[in-house]
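Trainee: Need coordinates for the following:
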Amino acid sequence: MSTSQIAFLKGHGTENDFVIVPDPGNAIDLPAAAVARLCDRRAGIGGDGVLHVVRSAAHPEARTMAAEAEWFMDYRNADGTIAEMCGNGVRVFAHYLLRAGLVEEGDLAVATRGGVKQVHIAEDGSITVSMGRRLLPEEQVTVTVDGRSWPARNVNMGNPHAVAFVEDLAHAGDLYAAPEFAPAAVYPDGVNIEFVVDRGPRHVAMRVHERGSGETRSCGTGACAVAVAAARRDGADPALTGSPVTYTVDLPGGTLVITEHPDGAIEMTGPAVIVAEGFIDPLWLETVIG
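Mentor: Coordinates of the predicted model:
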């Protein structure tokens, strides 16, 4: 860990909040213990994850994407584990790049472990992210909370999701611990689990347990997975009709608008906010990670 001051910002997308660490040259070591302490809401800055901002050419996991995307979102969950993708995180990441003068309004590409994501920053501040194509694995899944079980739709958005439709969002329980799911072999690396209720035509509400982070106020890839699962449940399939399908998804932290296109590509539109910036005390960080 560097002994010089480490700059950070704090931002959120529909209250899915992140510690942003700008590091264009990939010079800052962020071991899991450091990430976990930074995300600690009592002993650290607090967040659902860390957005490590690195030039793609400077990061070994992103160099092959450097020709397509200058910037790499090296995303970490709140417990320090590495994640493939975070939809709300991409919006906040793009908003930071705009704020820092590193990109302009309009279209840009962001490299992630889930591939290169196309982003559009509108004049009104809303940000649309092309989330890639959804996959619909055929495995049947069941999720269980407090002895009650529901069938769940298996959706992959670059990371795995299990979407369960329930009568009441309270049925999800407290979501402090990960709900049980079966069969375990379907998700060998864990899974994000969404619980969904209807609010109106093509309008749903959800709660989510994100693997490695617990319940969060919002999950972008989760909202995409929910929209896809809801469309199939409602008999809507853009691949068959040739027409896009759009769902409004309410989350505890706000609202996202999700559109699925006939080619399977998913777009997510929502806000992003930067709320603070400052410096991390390097001596504190050295102490807490031993």
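
Trainee: residue ranges with poor pLDDT in this structure?
Mentor: Residue ranges of the chain with pLDDT under 70: 1-3, 289-290.

Trainee: care to break it down by domain?
Mentor: Domain assignment for the chain, taken from automatic domain parsing, gives 6-126+273-288, 141-269.

Trainee: Which residues does stretch 188-200 contact?
Mentor: Stretch 188-200 is contacted from outside by 143, 152, 159-169, 171-172, 178-179, 181, 204-212, 219, 221-222, 225-226, 229-230, 248, 250, using Cβ atoms under 8 Å, 6 or more residues apart in numbering. All C-beta atoms are positioned from the backbone trio N, CA, C, and that covers glycine.

Trainee: Filter those down to the buried ones, ChimeraX style.
Mentor: The buried residues among the contacts of stretch 188-200 can be selected in ChimeraX (16 or more other Cβ atoms under 10 Å) with this line:
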select :143,152,159,160,161,162,163,164,165,166,172,178,179,181,204,205,206,207,208,209,210,211,212,219,221,222,225,226,229,230,248,250
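
Trainee: Give me the subset of the contacts of stretch 188-200 lying in helices.
Mentor: 221-222, 225-226, 229-230 (DSSP state H).

Trainee: of all these, which comes closest to residue 187?
Mentor: residue 225 (12.9 Å; Cβ to Cβ).

Trainee: dump the residue contacts of that closest one.
Mentor: Residues counted as contacts of residue 225 (Cβ under 8 Å, 6+ apart) are 134, 153, 155, 157, 161, 163, 192, 194.

Trainee: Next one: it from residue 62, what distance?
Mentor: Distance of residue 225 to residue 62, given as Cβ to Cβ, to the nearest Å: 24 Å.

Trainee: Let me see the contact set for the residue lying closest to residue 57 once chain neighbours are set aside.
Mentor: Nearest non-adjacent residue to residue 57, counting by Cβ to Cβ, 6 or more residues apart in numbering: residue 66, 4.2 Å away. Going by Cβ under 8 Å, 6+ apart, residue 66 touches 55-57, 111.

Trainee: okay if I get these as TSV plus secondary structure and distance to residue 77?
Mentor: Formatted as TSV, the contacts of residue 66 follow (DSSP: H, G, I helix; E, B strand; the rest coil; distance: Cβ to Cβ, whole Å):
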residue	secondary structure	distance to residue 77
55	strand	22
56	helix	21
57	helix	25
111	strand	18
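
Trainee: Name all residues that make contact with residue 7.
Mentor: 21-22, 277-280.

Trainee: In ChimeraX, select just the buried ones from those residues.
Mentor: In ChimeraX, this line selects whichever of the contacts of residue 7 come out buried by 16+ other Cβ under 10 Å:
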select :21,22,280
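
Trainee: For the protein, which segments count as helices?
Mentor: Going by DSSP H, the chain shows helices at 32-39, 87-99, 220-233, 238-241, 282-288.

Trainee: mind putting those helices in CSV, distance to residue 12 included?
Mentor: Below are these laid out as CSV (distance: least, Cβ to Cβ, whole Å):
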stretch, distance to residue 12
helix 32-39, 13
helix 87-99, 7
helix 220-233, 12
helix 238-241, 30
helix 282-288, 22
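
Trainee: And those helices: which comes nearest residue 73?
Mentor: Here helix 87-99 is closest among the helices of the chain (Cβ to Cβ), at 4.8 Å.

Trainee: separation between residue 149 and residue 107?
Mentor: Applying Cβ to Cβ, the value for residue 149 to residue 107 is 44 Å.

Trainee: Counting neighbours, go ahead and name the busier of the two.
Mentor: Shown here are residue 149 and residue 107; by other Cβ atoms under 10 Å, residue 149 has more neighbours (15 against 12).

Trainee: coming back round to it: next, format the contacts of residue 66 as a markdown table and append distance to residue 75.
Mentor: Output for the contacts of residue 66, formatted as a markdown table (distance: Cβ to Cβ, whole Å):
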| residue | distance to residue 75 |
| --- | --- |
| 55 | 15 |
| 56 | 14 |
| 57 | 18 |
| 111 | 11 |
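
Trainee: any chance of these in CSV, with neighbour count and distance to residue 93 too?
Mentor: Formatted as CSV, the contacts of residue 66 follow (neighbours: other Cβ atoms under 10 Å; distance: Cβ to Cβ, whole Å):
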residue, neighbour count, distance to residue 93
55, 19, 13
56, 24, 13
57, 17, 17
111, 26, 10
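
Trainee: for the residues you listed, which one is nearest residue 97?
Mentor: Distance ranking of these against residue 97, using Cβ to Cβ, places residue 55 first at 11.2 Å.

Trainee: was I right about that closest one contacting residue 72?
Mentor: Yes. Using Cβ atoms under 8 Å, residue 55 is in contact with residue 72, at 6.9 Å.
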